[in-house]
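Engineer: Pasting the sequence and the predicted coordinates here, then a few questions.
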Amino acid sequence: MTFAYKIPECQTSPSDFSTMGGLSHVYFAQTWFDRMIAHVIAGLPNEACGLFAGTGEQVETLYALTNADPTPQSYLVEPREHFQAFKDSREKGQELLGCFHSHVRSQAYPSMTDVRQAAYPDWAYVIVSLQEEVSVVRAFRIVDEQIREISILVKDISVEDTGSHVR
Ligand SMILES: [Zn+2]
């Protein structure tokens with residue numbers, strides 16, 4: 001099952017990342033992107049979350065995980081599942097590239113809490129806003145409490161669909 005979504009055009013110039021390092025965009029296979037949207041919709045009325053791994057800028061594995069702090073305005077990737085995803089991605093020769101979570105009643109933009117909790121400056125933080133009928137998906141880097149939007153590209157390619165659920 002697929003759900004309607006839109007990805008607004010990213011306003012940040014790639015050159016803004018020249019001194020930051022890390023990702024300036026992130027590529028999802030359609031399969032993983034659809035699964036991410038389905039997971040956050042399944043988590044309603046609370047926020048839902050997960051991680052993704054890959055090589056370079058390409059997402060190769062999506063981990064749809066448990067929200068250990070399930071409310072409509074908070075999330076915490078369940079720590080053991082986070083560790084399992086870390087191990088699994090390493091065994092596949094990949095690395096964790098980022099995290100996704102939903103905003104149930106607000107825009108696809110990092111909250112103050114999201115900014116404070118952003119522990120990984122290299123990660124892409126993907127936020128799926130479910131406040132409208134059509135989900136809005138945007139991605140950000142959060143470095144030293146500064147927010148930079150990065151582009152999301154969804155590619156209609158087939159992926160090996162293995163072990164995306166750690167649970
Ligand atoms: Zn948030």
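Structural biologist: Everything's here; your move.
Engineer: Could you verify my assumption that residue 156 touches residue 30?
Structural biologist: Yes: under the criterion of CB atoms under 8 Å, residue 156 makes contact with residue 30 at 4.8 Å. Yep, even glycine has a C-beta here, placed from its N, CA and C like the rest.
Engineer: is the ion contacted by stretch 68-78?
Structural biologist: No: taking CB under 5 Å from the ion as the criterion, stretch 68-78 and the ion are apart, separated by no less than 6.8 Å.
Engineer: Between the two ends of that stretch, what distance do you get?
Structural biologist: End-to-end span of stretch 68-78 (CA to CA, to the nearest Å): 5 Å.
Engineer: Same check on stretch 52-68?
Structural biologist: End-to-end distance for stretch 52-68, by CA to CA: 17 Å.
Engineer: All the strands of the chain, residue numbers only.
Structural biologist: Ranges of strands in the chain, per DSSP state E, are 5-6, 25-29, 49-55, 58-65, 95-103, 124-129, 135-143, 146-155.
Engineer: circling back: higher neighbour count, residue 156 and residue 30?
Structural biologist: Set residue 156 next to residue 30 and count neighbours by other CB atoms under 10 Å: residue 30 wins out with 14 against 8.
Engineer: measure the more buried one to the ion for me?
Structural biologist: Per CB to the ion, to the nearest Å, residue 30 is found 24 Å from the ion.
Engineer: and the strands of the chain as CSV, adding mean neighbour count and mean pLDDT?
Structural biologist: Output for these, formatted as CSV (neighbours: other CB atoms under 10 Å; pLDDT from 0 to 100):
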stretch, mean neighbour count, mean pLDDT
strand 5-6, 14, 92
strand 25-29, 21, 92
strand 49-55, 24, 96
strand 58-65, 24, 95
strand 95-103, 23, 97
strand 124-129, 24, 97
strand 135-143, 22, 95
strand 146-155, 17, 92
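Engineer: CSV for those strands, including distance to residue 74?
Structural biologist: CSV is the format used below for these (distance: least, CB to CB, whole Å):
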stretch, distance to residue 74
strand 5-6, 23
strand 25-29, 24
strand 49-55, 10
strand 58-65, 15
strand 95-103, 9
strand 124-129, 13
strand 135-143, 17
strand 146-155, 19
